[in-house]
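> let me see the structure of the following:
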Amino acid sequence: MNTTANTPWIDKDIPDFFQPISLLIDRHISNGLGASPALSVDDQVYTYSTLLEIIKDHVGKLISADVRSGERVFLFGKDSLEYIAYWLAAIRIGAIHVVISDAYRSHDLLYFLEDTAARTLIIDSEQLEKFDAIYPDIPHSLKSIIVRQSDAGEQPDLSRWKSPALAIQYHQQWPVDQAGRDTHIHVHKDDLAYMFYSGGTTGRAKGITHLSSDFIYIPERQGAFWSYRQTDVVFATSRKYFTHGLWPGVLIPLYWGAHSVISRKDPTAENIIALVEKKKPNKWITVPTIVKNIVVHVNEKNVLPDFSSITLAVTASEKMPIAFFEQFQRIFAIELLDSIGSAEVTYEWIANRPEAFRRGSIGKPVFGYEIRLIDSQGNIVTTPNTKGQAEVYSTTGTPFYWRKRTLSQQSIIDGWIKTGDELYYDEDGFYWFAARSNDVFKVKGLWISPLEIEEVLVSDIRIQEAAVVSYQDQNGLTKPAAYLVLAEPQSQTHAIEQELSLLIKEKLGGYKIPGRFFYIDQLPKTTLLKVDRRWLRDQLANQEQ
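Residues are numbered from 1 along each chain as shown. Presented below is the predicted three-dimensional model:
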């Protein structure tokens, strides 16, 4: 298998039937890695042999809950040993695991339970209040609920939710089917295996289905692209309901016999820094929000964390101003590599890597992914520095959106997935992010991308973060509005706005000057830690009414 730039990537041949979790766990035990660390959860370390026994116990619990191959198992909680073990256990018995952010509200939880028709819900006890709010309306498809006890050890009374049609019990008390512990079903490579849900920034979150073949294709491609090794210690800061957290932070490391690091704690700058200094990962996968928070923390506290163990640092999820890449490199002497991916394609499809990177770009196509850009006339872009809508072809692409046939037909054509990202590539083949198609807008008949204005705004040291959205003024004209997070409290905001307006006029043109400036303590984020531009637009619309 040749991975040079001049030779096309060839995917590994895979059998029609195989057991995905055996590839991640059992295979390494057979090869003598049973005593090697597989998973760290904060202070606890679990070897491959220990993790397998834990997974088997969780398999036994799912069997006791009457979970069957092909049915949906729904997971609603924070990262934990139980979270990972149930995820892997469901795949081991051929069930379809569905994960969402625990930040979703009660009515969202009801929507997901109805949409997935999940038979079993696995939920943190901290989320039971949300379940209680929807209890009278839960779908008949839900038959069992396994509750993870809170970290404080509290056990709220579950009896009020018990009924002949619904079994509910704490994880610790749920029985283990001892014979069922050894259940491991070989699935077909084209069987549905798991589902993510979209972040819901452009409408109701939609189920993104994926096949069993991902468990070989993804780690093989990404492992070659970013040189995963058995000796790696890998820490992905994103929660594991997010493809950018689960795949690089758990599944790919386990496939390669490496050591995965996760945490129950909130991803604050302090907690992330402490975990890096303690666990000393050599691969660190994160998102711009975390990077910005760490840079701000270092500047405010005047401390220099020890990130010397990190040899590969990757960010993704949304565009980050080049100033933050430069600051991060100055502070840590680490080149932060940008990339782009999506749950529809299963993790990253364009990325930088140490062998080929260009700061500010999102890199080059990852092995095994085909990229094409479509211009406004519907033609494939063949000229460098010409913007187009990105489409991706990959055997790891979602075959369809769950229960959304029309949307599937509109978004996936002959295997090509429309990503909604506007990109261009330079003369050397590096790709650059231009905009999300649903974020751009016209001012005076000319297209504007919020990113270019935000880049100028945060170049001012007084601006910590910025987000630009469109609004309509009293005359019905569309204009940009800027939400600013100040690095320090400022009383002379009018002077700041004048200076920023002059800077934008000089660099971009007068029509891109925001018509309104707003000051906010922190930018709203989606469940995937992206700036929630829809929320900002709604706020503006409400103010204008």
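> mind listing what's buried along the biggest helix by length in the chain?
Across the chain, the longest stretch assigned as helix under DSSP state H is helix 48-64. In terms of neighbour count (16 or more other Cβ atoms under 10 Å), helix 48-64 has its buried residues at 48-52, 54-64. Placement of C-beta: from N, CA and C, glycine included.
> what of stretch 401-413?
Along stretch 401-413, the positions that meet the burial threshold by neighbour count (16+ other Cβ under 10 Å) are 401-402, 404, 408, 411-412.
> stretch 123-130 now?
Taking 16+ other Cβ under 10 Å as the criterion, stretch 123-130 shows 123-128, 130 as buried.
> mind jotting down where the helices sit in the stretch 201-350 of the chain?
If DSSP state H, counting those that start in this stretch is used as the criterion, the helices of the stretch 201-350 of the chain fall at 214-225, 243-246, 252-255, 269-279, 288-301, 322-332.
> would JSON lines of the ones you listed with mean pLDDT, distance to G360 and mean neighbour count be doable?
Below are the helices of the stretch 201-350 of the chain laid out as JSON lines (pLDDT from 0 to 100; distance: least, Cβ to Cβ, whole Å; neighbours: other Cβ atoms under 10 Å):
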{"stretch": "helix 214-225", "mean pLDDT": "97", "distance to G360": "20", "mean neighbour count": "22"}
{"stretch": "helix 243-246", "mean pLDDT": "93", "distance to G360": "20", "mean neighbour count": "25"}
{"stretch": "helix 252-255", "mean pLDDT": "98", "distance to G360": "26", "mean neighbour count": "26"}
{"stretch": "helix 269-279", "mean pLDDT": "97", "distance to G360": "24", "mean neighbour count": "18"}
{"stretch": "helix 288-301", "mean pLDDT": "89", "distance to G360": "13", "mean neighbour count": "18"}
{"stretch": "helix 322-332", "mean pLDDT": "90", "distance to G360": "5", "mean neighbour count": "16"}
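> contacts for stretch 423-437?
319, 340, 350, 358, 360-365, 371, 373, 381, 384-390, 420-422, 449-451 (Cβ atoms under 8 Å, 6 or more residues apart in numbering).
> so of those residues, which ones are in strands?
Mapping those onto strands (DSSP state E) picks out 340, 350, 364-365, 371, 373, 388-390, 420-422.
> most widely separated two among these?
Spatial extent of these (Cβ to Cβ) is set by the pair K364 and G420 at 20.4 Å.
> so between the two, which is more surrounded?
For K364 versus G420, neighbours defined as other Cβ atoms under 10 Å are more numerous around K364 (22 against 17).
> quick one on the thing from earlier: for the longest helix of the chain, name the packing helices and strands.
helix 27-30, strand 37-41, helix 81-92 (3 or more Cβ pairs under 8 Å, 6 or more residues apart in numbering; DSSP states H and E).
> thinking again about what came up before, now the ones in strands among the contacts of stretch 423-437 in a markdown table, with pLDDT and distance to W247?
As requested, the ones in strands among the contacts of stretch 423-437 are exported to a markdown table (pLDDT from 0 to 100; distance: Cβ to Cβ, whole Å):
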| residue | pLDDT | distance to W247 |
| --- | --- | --- |
| I340 | 94 | 14 |
| I350 | 97 | 15 |
| K364 | 97 | 19 |
| P365 | 97 | 17 |
| I371 | 97 | 19 |
| L373 | 97 | 25 |
| G388 | 95 | 27 |
| Q389 | 94 | 25 |
| A390 | 96 | 20 |
| G420 | 88 | 20 |
| D421 | 91 | 19 |
| E422 | 91 | 25 |
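> the strands in the stretch 51-200 of the chain, which residues?
Counting by DSSP state E, counting those that start in this stretch, the segments of the stretch 51-200 of the chain that form strands are 72-76, 96-100, 120-124, 144-148, 167-170, 187-188, 192-197.
> need the ones you listed in CSV (columns: distance to A435).
Shown next, in CSV, are the strands of the stretch 51-200 of the chain (distance: least, Cβ to Cβ, whole Å):
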stretch, distance to A435
strand 72-76, 33
strand 96-100, 27
strand 120-124, 37
strand 144-148, 40
strand 167-170, 46
strand 187-188, 39
strand 192-197, 23
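> could you dump those strands to CSV with mean pLDDT and distance to H28?
Written out in CSV, the entries for the strands of the stretch 51-200 of the chain read as follows (pLDDT from 0 to 100; distance: least, Cβ to Cβ, whole Å):
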stretch, mean pLDDT, distance to H28
strand 72-76, 96, 24
strand 96-100, 94, 21
strand 120-124, 97, 26
strand 144-148, 96, 27
strand 167-170, 94, 31
strand 187-188, 97, 20
strand 192-197, 95, 20
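> can you tell which of those is closest to V41?
strand 144-148 (12.8 Å).
> list the neighbouring strands of that closest one plus their orientation.
Taking DSSP bridges as the criterion, strand 144-148 sits next to strand 120-124 (parallel), strand 167-170 (parallel) in its sheet.
> between these, which one is nearest to H244?
strand 120-124 (21.3 Å).
> K530 is nearest to which of the strands paired with strand 144-148?
The stretch from the strands paired with strand 144-148 with the least distance to K530 (Cβ to Cβ) is strand 120-124; that distance is 23.3 Å.
> so how far is the closest one off the chain centroid?
Mean C-alpha position of strand 120-124 versus that of the full chain (Cα atoms, centre = their mean, to the nearest Å) differs by 21 Å.
> quick one, that strand and helix 81-92 angle?
For the pair strand 120-124 and helix 81-92, the angle between their directions (axes from the mean of the first three to the mean of the last three Cα atoms, to 10 degrees) equals 160 degrees.
> just the CA trace of strand 120-124, in PDB.
Provided in PDB are the C-alpha atoms of strand 120-124 (Å, rounded to 0.1, in the frame of the first residue of the first chain):
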ATOM      1  CA  THR A 120     -33.100   0.900  25.100                       C
ATOM      2  CA  LEU A 121     -32.000   4.300  26.600                       C
ATOM      3  CA  ILE A 122     -28.800   4.600  28.600                       C
ATOM      4  CA  ILE A 123     -28.900   7.900  30.500                       C
ATOM      5  CA  ASP A 124     -26.800   9.700  33.200                       C
END
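> ok so, going back, turn the strands paired with strand 144-148 into TSV, including distance to A85.
Output for the strands paired with strand 144-148, formatted as TSV (distance: least, Cβ to Cβ, whole Å):
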stretch	distance to A85
strand 120-124	10
strand 167-170	15
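> please identify the most buried of those strands.
strand 120-124 (a mean of 24; mean count of other Cβ atoms under 10 Å).
> so which strand or helix has the nearest residue to L39 once chain neighbours are set aside?
Nearest residue to L39, sequence neighbours excluded (Cβ to Cβ, 6 or more residues apart in numbering): Y46, at 4.7 Å. Take DSSP states H and E as the rule and Y46 turns out to sit in strand 44-47.
> got the buried residues for that strand?
By neighbour count, with 16+ other Cβ under 10 Å as the criterion, the buried positions of strand 44-47 are 46-47.
> follow-up on the earlier one: closest one to F324 among the strands paired with strand 144-148?
Ranked by Cβ to Cβ, the member of the strands paired with strand 144-148 that lies closest to F324 is strand 120-124, at 32.6 Å.
> paired strands for the worst-scoring helix or strand of the chain on mean pLDDT, with orientation please.
In the chain, the helix or strand scored least confidently by mean pLDDT, DSSP states H and E is strand 446-448, which has a mean of 76. Using DSSP bridges, the strands paired with strand 446-448 are strand 441-443 (antiparallel).
> run a quick neighbour tally on V287.
Using other Cβ under 10 Å, the number of residues around V287 comes to 24.
> now P305
Neighbourhood size, P305 [other Cβ under 10 Å]: 18.
> spatially nearest residue to it (excluding sequence neighbours)?
Leaving out its chain neighbours, P305 is closest to I273 (Cβ to Cβ, 6+ apart), at 4.4 Å.
> F441 now?
In space, and not counting its chain neighbours, F441 is closest to S470: 4.0 Å by Cβ to Cβ, 6+ apart.
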